[in-house]
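[1] no sequence on this one, just coordinates:
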């Protein structure tokens, strides 16, 4: 079982998204709210950007849309929990 989870988790390892002048607040928001609703509007507000501009900027920087990023982050966290809990 753990080998299967490791295979799932490997491609889901994602890098942190950094925003100039956001002081890490974006990543804190994502990590603290991952099990709750994470919205593009709130993320854009934290980044001090217009929602539409943030969406385009995010996709250019990360190579995936915001919702895909959230889904993959949740999947990576779930795989990590499966691997590291009794």
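    Good, I have the coordinates. What you see is a predicted model; the values in this text were computed from it and never measured.
[2] C-alpha from now on. contacts and neighbour counts both.
    Will do.
[3] Could you list every helix and strand that the lengthiest helix in the chain packs against?
    In the chain, ranked by residue count with DSSP state H as the criterion, the top helix is helix 66-84. Counting contacts by 3 or more Cα pairs under 8 Å, 6 or more residues apart in numbering; DSSP states H and E, helix 66-84 packs against helix 2-9, helix 51-62.
[4] So which helix or strand of the protein has the lowest pLDDT on average?
    Sorting the helices and strands of the chain by mean pLDDT, DSSP states H and E puts helix 2-9 at the bottom, at a mean of 55.
[5] Toward the C-terminus from it, list the very next helix or strand.
    Of the helices and strands lying after helix 2-9 in sequence (DSSP states H and E), the nearest is helix 25-33.
[6] So which bits of that next one are buried?
    Of all the residues in helix 25-33, those buried under the rule 16 or more other Cα atoms under 10 Å are 26, 27, 30.
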